[in-house]
Every structure is written in C-alpha cells, then in structure tokens.
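>>> Prediction below, plus the sequence it came from.
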Amino acid sequence: MDSKAHQLLLRDEQGLKLKAGPSTGGYQYEYSTAQTIALCPSKLDVEYSSDGSLVAAIDSDNGLVVVYESSNGKELCKIKSNAAIASFSPMGNFLLTWEKLTDDLQKSGGNLRVWDSKSGAELSAFSQKSFSKESWPYLKWTSDELIACMQITNGVHLYNGKDIKKGVLAKIEQEKLASFSVAPGPLPYKIATFVPEVKDQPATMKLFSYPNVTEPVATKKMFRANDASFLWSPTGTAVVIRTSTDVDSTGKSYYGESKLTFFSADGRTEGNVALSKEGPIHDVAWSPSGKEFVVVYGFMPAKATLFDEKCKAIFDFGTGSRNTISWAPHGRFLLLGGFGNISGNLEFWDNNRKKLIANIKAPGTTNWSWSPCSRYFLTATLFPRLRVDNGFVIFKYDGTIVHQEKLTHQLYQISWRPSKAGTFPDRPASPSAGAKSSSTASTSEPAAPKAYVPPHLRGKDNTGNARPTFSLHDYEQASKVGGSTSALGRQLPPGAYEDEHQVSKSAMRKKKAKEKAQREQEAAQALAETQKALAAAGIDSMPDQTAKQDDGPKTYTNEEEINKRIKAVNKKIKQAEALREDEKSGKELNADQKKKVEKRDRGAQHGSAKGSRLKSENNLKGVTQHLGGVVGARDEGPLSPGLGTTGVDVDAGSSNVPVKGSELHTPRHSPFNGSLIGRIEYEIVKNKHRGFRLKERKR
C-alpha cells in the first residue's frame, strides 16, 4: 500500500485492519475490493504516529503493544505491557504507555513507561497511580523532542527529551498547579500553566519561556475559572486558554460558565476574548496555518466568528445549529458541524473565499475527521455511543457522498492515516462546487411525497388565510466584521479608532517594520539562550530554525495561482501609473514614493498578460508570449527560432528552460511610458506528464 495514498484504520467485531482509502481525484471508492492489511486483535483505541508511518495496537488478551509500519503492515516490535493506552511522541521516535500500577511495576520503576518505537526497548519509567484522559499524555515533548515535560506536585519537571534518564534539567515551581501545556513549533520553547480559583484567590495563568523558567513571560489572573484547556496555534505563536466553571453565577445556563483568554507567545498581547453573543463556548480551533482561529459560541442558534492571529474578529459565519469546528489539513476548507444533541448539521465552507459550499445533514454522527488531502470528510456512527446503525459515510468537500457503508456488526474505531505536510497539494474547490441544501445531499431517507396543494392555496392554511412567517430564532447571515472594537474586547468611544487609523500608511509601515525587526532581534536572542542552555545540558540542538529555508523556485501549478500572480503584477502597474499621474499634476510625492518612482523609471513592457499552462511543446510559443506580456525586457538575449517575442531567451530543446531579462514594465502607450516596475525571474519547466509549466525563481 503506497505510503502517499489514503488509508483507513478500522477496528470492529471482525478485528483490526488497515484498508486502502479513496483516490485523491477520482471521487469513487470501491470499499469491498480495496486492499486490506489485517493486524493483531485489539479491544482498545489504536494510535497512528503524527506522520502516519507507524501504528501502535494494544493486544490486551496477550499483554502486548505491537508497533507496525502502516504502509505494509510489517511488525516492527512487540512490547510486553498490559497498557490501557499508548501514544507516540511528536516525531514518532518514542512510545508512551500507561497501565495500572502494581507492586512489581512499582519496584521496577513505574507504570508510566517510555519505549523506543522501533526496537521496543524500555527507556524510562515513572509512577503514575491515577489516570485522566484530559491530562494524557502525562509526558509532553516539544515538537523536536529535545525537551520533555512532566507535571509533578506543585510544579513541572523538564527533562532531556532524547535521554530522560539523565534527570531533571529545570523545574517550574507553582503551588496548586492543575495543568500545563507545551507549545508546538520551533525554538524557543513555551510552556503555559494554570492554577484554578480557590476561595477568594483568583485563578492564575502563566506563560514561561525555556530556559528562563523562574520568571513568566506573561501572567493573567481571573475569577470564575475552575478548569482550563490550552489551545495553541500550530506555529506556537499564540495560545487561547478556555476556562470554565461548573456553576454559572448569573443563572443563565445549566452548564456553567466559560471564557476565552488570549496570550501571544512573546507576552506582548494578552486579555479576555470579547464575544458578541451570550452563552457557552462550544468549540475553538486554530487554522493549520496558525494565522487564524474560529470560535463557536452562544445559545442556539450558535454564532461562529473567525479571528486573526492578533485576536481581531475578521469574519462572522452567522448563526446556525452547530457546536463543532473541524479544519481541513490545508486550511482551505472548514466544517462547522452540529453533533451530539444536534441533528448532524454539516456546513462546508471555503475559508479562502469565505463562501458556503454545502449545508447537509449526517444524523447519528459520533466521530468525524478530514482526509490528509483535504478533499474528503468522514463521518461515522460508533459503538458504544450508539449500538445501532453503525457505519460510516465519506463526503466530498462539497457535500457529495462518495461512499456510504452500513455495517451489520459493531464498529469501534475508524480514522484516516495522517501524513506529512506537503504530501498532498492544496487544491482549490472546483468551479462547479456551489451551495447545496440538506435536501440534495443527506444521509437520511428521502422524504415521503406530500399531498397535492392547488396553486391558489399554497402558502395558506385550510381556511385560506396566509400562514404567518414565524421562527423561534432570528438567524444571522454570514458577513465581514468591521467597527471600532479592538483586539481583545476593549470597546473604543464613538468616533475613536485604533492607533493604526490615526497615522499615515507610510508611518504605519515604518512602525510595523520597526516592531518586526525588534521581534526578530528578541527571537534571535531567545534562540541563542535556548541553544546555549541545551548545549550546557549535553543536548545536540537543532540548526537555526528561524533562518528562512530556500525551497527552490515557487511553482504555479493551477490557473487560480497564475491568475493571482497576474493580478498582483497588474496592481503594481496601476500603482506606478497613479504615482506618475500624481507627479505630473503637481502633487508632491514623499520620499518613499520618489524612491519607488526612481527605482522603477526604466524599461518597457510589451502586450498584456494572460496566464495559462503549457500543454505541449507546440504551445511553447504561446507561453513565451505570455511571459513577454508579464516579464518582457529590452533585447537581452537571442531568440529561439519562431518564438517572436523580444526579451525572452528560450531553448525549446532543454528540460529546464531559463527565461532571461524577466523585468516588469508598463505598456509603452501608458502615462508611465514603459517604466520598469519590478523584476521576476522565471523558468519554463518541462514535465513528462503535464507538459510545460511556469516556475518563479525566488530572489
């Protein structure tokens, strides 16, 4: 089974198996004939590693934990343990298990044990009597596995993540500590802690940065907070802490009271998140990019709002029957669902376009997840949550049903195999994907035919009177969020604006550039301190993770991306022409504008730009003309025979064709009279299956 293909893990009455999933483009799935790999019997949940390469299954009948390669089902190791739960470390190098503490385990080291996931060798052990699913895993690694953290009484111990037996590196001391969390992402490492409210003492949330774990980067105190869950952005740049109480002091809810607190990782921004509707907070989820997050909140119909990474509301999804958020792995598609005590509403959104794609129903759903390619969404009905109608449905991102499987036996677990970032391309929605109602794509049985109503009685009751248009709720439509509300709920006086509206655009750009430089300097200093501390502890730290990696030329593989690039070029042209017109009309330009005009006041451009992918070698002329429109130049090289576009040097016989003189100019007839506005270097790359395509060289 190809490691880059979709794979489903199923655990039911018939056993544990890995089954080939649907293809990424065909949108058809023959479940009965799909390739199947049988694994050991397991009565407990099975765990994938984060990259999907390994699977850990617990064979409780034989007292074993078995690790397999997911691509072929090859057994890597058998671990002798009566484990009740198992979990991989972030990079999959270690396996953490917990089992009931016995006298023998107490003497041998403990019941919370760390294993080598490839060889099955025991590396370390701790004693952990009680178990809480909310606190699992008890040992938390950083993303690079260099540091491991574990909560103890009144504090957190930090260990060498590669060799825990070396002992404690540092300790965070905090009395009555209830929970903690380690930020994902690169150096420097961030650790958040929570101490609940006790009598007249408020709850305390603190943010620490390794290696300085004695003084917090940020601190927040608040009342009415008994429990907390930490929701880090995938990049580790910010954390949203969801606090709750068992009793609502206002008496408006039976389910207690909940609040959101926002922390930026550098401690510069913190505060309570202001929400525009009263009621409980149902769900919070960050986008995979880490640049935005969604909150579903309020009494039904619940509201959903999109916030940016600075905690500013930017889009409102309106209200609806929803209590769940699920982001597709690429962050393009978003599902807002209503599960549990709601009848299985599914709202598929295109987050890039802020457009509703489909609104359908999947009643009885107890489990759900996106495929790694972001094109499929899986809903399932599992035992023991529901004892009847066990099975699963695979939807396309637009709500179309790809496959529906109803089982006659009990289904315990089903999940997609995860994959590394970049395994599947980020593909936009098809142009034909439009908003669908629940009547067009529902998993429920078709409605029974209704009695015929004459046209003159439609919309009226039996007496001929018009039916009142009445609803228990006022549903709000999706819309962009505007106004004068600042990032963390500080309402400004009428007529007042944020600081960024009180200064000119150029001054704001300079201010942001200065702040960015300061943040980069502080990050570099923190990184150096972290690496120094790791070296002192005998840990081989990773290379500088703040340095930008050169991923090679940027590739435009679809029409949408090419059109975006052309749009950006045309925007630069218009801006340059506007500056020239302003200068001719006598308007005085500032220093930045003059510098921009002087820098671009050269050259000439030919034609207009329309992007397209080269389908064959015969179309090389057409794309060369396209490049002549977007990236033309004065004769800087000879032309290949028959191409007929100056400024572009192309060798049609090579597989990688350089494009020389790729400078951006305004048209000769424009007021800017052929002035240079920028420079982009391209390659025309020959591909065996897809013909030619354009690749932009990074500068």
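Structure received.
>>> low pLDDT regions in the stretch 501-650 of the chain?
501-503, 519, 537-538, 540-562, 595-597, 599-650 (pLDDT under 70).
>>> Which of the three states applies to the residue nearest the centre of the chain?
Nearest to the mean C-alpha position of the chain, counting by C-alpha atoms, centre = their mean, stands Pro288 at 1.1 Å. For Pro288, the assignment made with DSSP: H, G, I helix; E, B strand; the rest coil gives coil.
>>> Ramachandran coordinates for it?
Taking degrees, to the nearest 10, you get phi -60, psi -20 for the backbone angles of Pro288.
>>> Distance-wise, check Ile314 relative to Lys480.
Noted for Ile314: a distance of 7 Å to Lys480, by C-beta to C-beta, to the nearest Å. C-beta: built from backbone N, CA, C; applies to glycine.
>>> swap that for Glu588, sorry
As for Glu588, its distance to Lys480 is 35 Å (criterion: C-beta to C-beta).
>>> hmm, back to that, the residue nearest to the centre of the chain contacts Pro329, correct?
Yes - if you go by C-beta atoms under 8 Å, Pro288 and Pro329 touch, sitting 5.8 Å apart.
>>> Not counting sequence-adjacent ones, nearest residue to Glu69?
Leu76 (6.3 Å; C-beta to C-beta, 6 or more residues apart in numbering).
>>> which SS state does that neighbour fall under?
strand.
>>> my guess is it meets Val67, correct?
Yes - here Leu76 reaches Val67: they are 4.6 Å apart, a contact under C-beta under 8 Å.
>>> more crowded one of the two?
Using other C-beta atoms under 10 Å as the criterion, Leu76 and Val67 rank with Val67 on top: 26 against 15.
>>> Which helix or which strand is home to that one?
Per DSSP states H and E, Val67 falls inside strand 64-69.
>>> Show me the contact partners of that strand.
39-40, 53-59, 74-81, 83, 86, 95, 97, 115, 117-118, 120 (C-beta atoms under 8 Å, 6 or more residues apart in numbering).
>>> one more time with 6 Å
40, 54-59, 75-79, 81, 83, 86, 117 (C-beta atoms under 6 Å, 6 or more residues apart in numbering).
>>> Buried residues, stretch 128-146. List them.
Gln128, Phe131, Pro137, Tyr138, Leu139, Lys140, Trp141, Thr142, Ser143, Asp144, Glu145, Leu146 (16 or more other C-beta atoms under 10 Å).
>>> Pairing-wise in the sheet, spell out the partners of the closest residue to the second one other than its chain neighbours.
Yep, that's Phe131 we're talking about. Once flanking residues are discounted, Phe131 sits nearest to Trp98: 6.1 Å by C-beta to C-beta, 6+ apart. Bridge pairing for Trp98 (DSSP bridges) gives the partners Ile85, Leu112.
>>> coming back round to it: so what pLDDT did the residue nearest to the centre of the chain get?
Predicted confidence (pLDDT) for Pro288: 92.
>>> in the stretch 301-450 of the chain, which segments are predicted with low confidence?
Checking the stretch 301-450 of the chain against pLDDT under 70 turns up 432-450.
>>> for it, what spans make up the strands?
Taking DSSP state E, counting those that start in this stretch as the test, the strands found in the stretch 301-450 of the chain are 302-308, 313-320, 324-327, 333-338, 345-350, 355-361, 367-370, 376-381, 391-396, 401-406, 411-416.
>>> Rebuild those strands as CSV, extending it with mean neighbour count and distance to Ile191.
CSV is the format used below for the strands of the stretch 301-450 of the chain (neighbours: other C-beta atoms under 10 Å; distance: least, C-beta to C-beta, whole Å):
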stretch, mean neighbour count, distance to Ile191
strand 302-308, 21, 23
strand 313-320, 20, 28
strand 324-327, 19, 25
strand 333-338, 24, 29
strand 345-350, 23, 34
strand 355-361, 20, 39
strand 367-370, 18, 28
strand 376-381, 24, 34
strand 391-396, 21, 38
strand 401-406, 15, 42
strand 411-416, 20, 29
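>>> Distance to Gln521 added to those strands, as JSON lines?
Output for the strands of the stretch 301-450 of the chain, formatted as JSON lines (distance: least, C-beta to C-beta, whole Å):
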{"stretch": "strand 302-308", "distance to Gln521": "24"}
{"stretch": "strand 313-320", "distance to Gln521": "29"}
{"stretch": "strand 324-327", "distance to Gln521": "33"}
{"stretch": "strand 333-338", "distance to Gln521": "36"}
{"stretch": "strand 345-350", "distance to Gln521": "38"}
{"stretch": "strand 355-361", "distance to Gln521": "40"}
{"stretch": "strand 367-370", "distance to Gln521": "38"}
{"stretch": "strand 376-381", "distance to Gln521": "43"}
{"stretch": "strand 391-396", "distance to Gln521": "47"}
{"stretch": "strand 401-406", "distance to Gln521": "50"}
{"stretch": "strand 411-416", "distance to Gln521": "42"}
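>>> one step back: now the contacts of strand 64-69: which count as buried?
So, by 16+ other C-beta under 10 Å, the buried ones in those are 40, 54-59, 77, 79, 81, 83, 86, 117.
>>> Nearest spatial neighbour of Ala170, chain-adjacent residues omitted?
Leu158 (4.5 Å).
>>> Who are the packing partners of the host helix or strand of the one you found?
Assigned by DSSP H and E, Leu158 belongs to strand 155-160. Under the contact criterion of 3 or more C-beta pairs under 6 Å, 6 or more residues apart in numbering; DSSP states H and E, strand 155-160 touches strand 147-152, strand 168-173.
>>> ok but Ala576 is inside a helix, no?
Yes - counting by three-state DSSP, Ala576 falls inside a helix.
>>> how near is it to Trp141?
In terms of C-beta to C-beta, Ala576 sits 51 Å off from Trp141.
>>> Kindly report the same for Lys43.
27 Å.
>>> for Ala56, same thing?
16 Å.
>>> related to what we said a few turns ago, help me confirm that the residue nearest to the centre of the chain comes into contact with Gly331.
Yes - using C-beta atoms under 6 Å, Pro288 is in contact with Gly331, at 4.4 Å.
>>> Bridge partners for Tyr48, pull those for me.
For Tyr48, the beta-bridge partners are Val55 (DSSP bridges).
>>> what does Lys355 give?
Beta-bridge partners, per DSSP bridges, of Lys355: Asp350.
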